[in-house]
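Asks: Provided below are the primary sequence and the corresponding predicted coordinates.
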Amino acid sequence: MSPSRTRATSGIGLRNRFFFIILTTLILSAVGITFVHAKFFKSQRLKLIDRQLTESSTVLLASEEFRQAAERLERVEDAISLALQGTRIGKVFVLRDAQGKIVYQSFNVSLLQAELPTHPEWVAVETPNEYVRVRNLKLGDNTLQVGLVLDRYFLDWEILDQRLVNYVAAIVICLFLASVLLTVVLLSPLRLLIKHLSDATSNLTNLRDVKSLPSQLKAYAQGFWATSDEFARLLETVQKLIDRINRNYKLTRSWTLQMAHELKTPLAIIRSETEEKASAGQIPDAYAQDVINEVDQMTHIVTEFLDWAELENSVVQRDLHALRIRPVLEAVTGRLQKIYSGRLRLTINDDFAIFANPIHLDQMLTNILTNALKFSPPQESVQVDVTGHTLRVRDAGRGFPEGVLERLGQPFNVGPASEGHTPGNGLGLAWVSAVSKVYQWRLEIENVSGGADVRIHFPHEIAT
């Protein structure tokens, strides 16, 4: 599995975990709130019922007419109606003697399908259709029962209808959207950090300074909450790491360039002294020529490296010209055809102009074509095609090693030696990559069946 595929999978897994944790938390919270609400709803309604029964029973006990009617069981019905008036609606009244025998009951008691207990003071009776709340009070030797008849589900949420279904569905949708929103909000700074670190990894590969954390991320490391926030501490640590990498890279780059410059002086001295001793006959000419050739090769490599470093570290290019691709490419292929016996097959379908330093464009084309010719079999040709604003070079070699493609842009990035070929110094491909980055030309290298395919996409800078 590729690193990018692994990062993507990990990111999706993290998002899913955040989403399900938040969704589960919200659902549990909603269920808990609903349960508490239901309990509160039931207790408040029960208190309301008890208050009504308390008021009614208090009024009856305070009514002299009712007390007299209860003693002689005369006109009890009229006494209740007179004392309570409209508040007696929906209530039941039972009067029992000392033995618990019913001596009076309101007409609606006979409609109930349950017996009303006389103990304790507050009792509840449930039937298939009604819920009856009853208060038992002593009235001399008798017992007064005052009750309120309600719907069976008056205190409970047990009716499943379309309204309740819509209510539940709305809650679920709101919880889902809230989970998505919270996931996006919580992971937003993490996505920014991942993107920045991905870019930083690319910059390290291309020998660039690592960019500092963007202001959007730095804002998370500021303010009151940042003093105890783990993510803020993570950002501070990452920023310190970036600063340390950049300092070390600058030191290493400075030392490398200085060492390369310093090498040119002793190489020039070796070459000069070798020539002098050969002229004086102190060393054989053949030996002197071998030494001079090796010194020239080393000097050439150092010069190429310094040229690449200067281009790689440049910001603004000067001495730009509007160059037509056809004459430049024809000139480069013309030179190489003489060395490689006409192995280049050039097809220019479109001509266009681009802004570039002539030396940079010429050297880049030379490096690409030379590399393709060098690593193709001697009997095979190299196809060079220009179509639209794209230059395509297709060779018949074994392709680029994966390690070379992964470190594209680095100097001295070479693969193992192949049959009949010794590996180069990798500066040619590094030069091609550096020129492409400087001028923002898109470089694509792909191994295909029977060779390598190199494409450079030039911008549409000047109409042709």
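Replies: Received, thanks.

Asks: next, give phi and psi for the most centrally placed residue in the chain.
Replies: The C-alpha lying nearest the average C-alpha coordinate of the chain belongs to Arg191 (C-alpha atoms, centre = their mean; 4.0 Å). In terms of degrees, to the nearest 10, the main-chain angles of Arg191 are phi -60, psi -40.

Asks: mind starting the numbering at 584 from now?
Replies: Understood, numbering begins at 584; the last thing we discussed is Arg774.

Asks: Leu929 sits in which helix or strand?
Replies: strand 927-931 (DSSP states H and E).

Asks: tell me what that strand is packed against?
Replies: Helices and strands touching strand 927-931, by 3 or more C-beta pairs under 8 Å, 6 or more residues apart in numbering; DSSP states H and E, are helix 908-922, strand 965-970. All C-beta spots, glycine's among them, are computed from the backbone N, C-alpha and C.

Asks: now the shortest one - C-alpha only, PDB.
Replies: So that's strand 965-970. Only the C-alpha atoms of strand 965-970 are listed here, as PDB (Å, rounded to 0.1, in the frame of the first residue of the first chain):
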ATOM      1  CA  VAL A 965      14.100   7.900 -29.400                       C
ATOM      2  CA  GLN A 966      10.700   9.500 -30.300                       C
ATOM      3  CA  VAL A 967      10.500  13.300 -29.800                       C
ATOM      4  CA  ASP A 968       7.000  14.800 -30.300                       C
ATOM      5  CA  VAL A 969       5.600  18.300 -29.800                       C
ATOM      6  CA  THR A 970       1.800  18.500 -29.800                       C
END
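
Asks: quick one: buried residues of it?
Replies: Going by neighbour count (16 or more other C-beta atoms under 10 Å), the buried part of strand 965-970 is 965-967, 969.

Asks: as JSON lines, those residues with distance to Leu846 and pLDDT would be great.
Replies: Putting the buried residues of strand 965-970 into JSON lines (distance: C-beta to C-beta, whole Å; pLDDT from 0 to 100) gives the following:
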{"residue": "Val965", "distance to Leu846": "34", "pLDDT": "92"}
{"residue": "Gln966", "distance to Leu846": "39", "pLDDT": "93"}
{"residue": "Val967", "distance to Leu846": "36", "pLDDT": "93"}
{"residue": "Val969", "distance to Leu846": "39", "pLDDT": "93"}
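
Asks: closest to Asp945 out of those residues?
Replies: Distance to Asp945 across the buried residues of strand 965-970 (C-beta to C-beta) is lowest for Val967, with 14.7 Å.

Asks: where does Ile908 land on pLDDT?
Replies: Looking at Ile908, its pLDDT stands at 92.

Asks: re the thing from before, what would the buried residues of strand 965-970 look like in JSON lines with distance to Ser855?
Replies: Shown next, in JSON lines, are these (distance: C-beta to C-beta, whole Å):
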{"residue": "Val965", "distance to Ser855": "40"}
{"residue": "Gln966", "distance to Ser855": "45"}
{"residue": "Val967", "distance to Ser855": "42"}
{"residue": "Val969", "distance to Ser855": "46"}
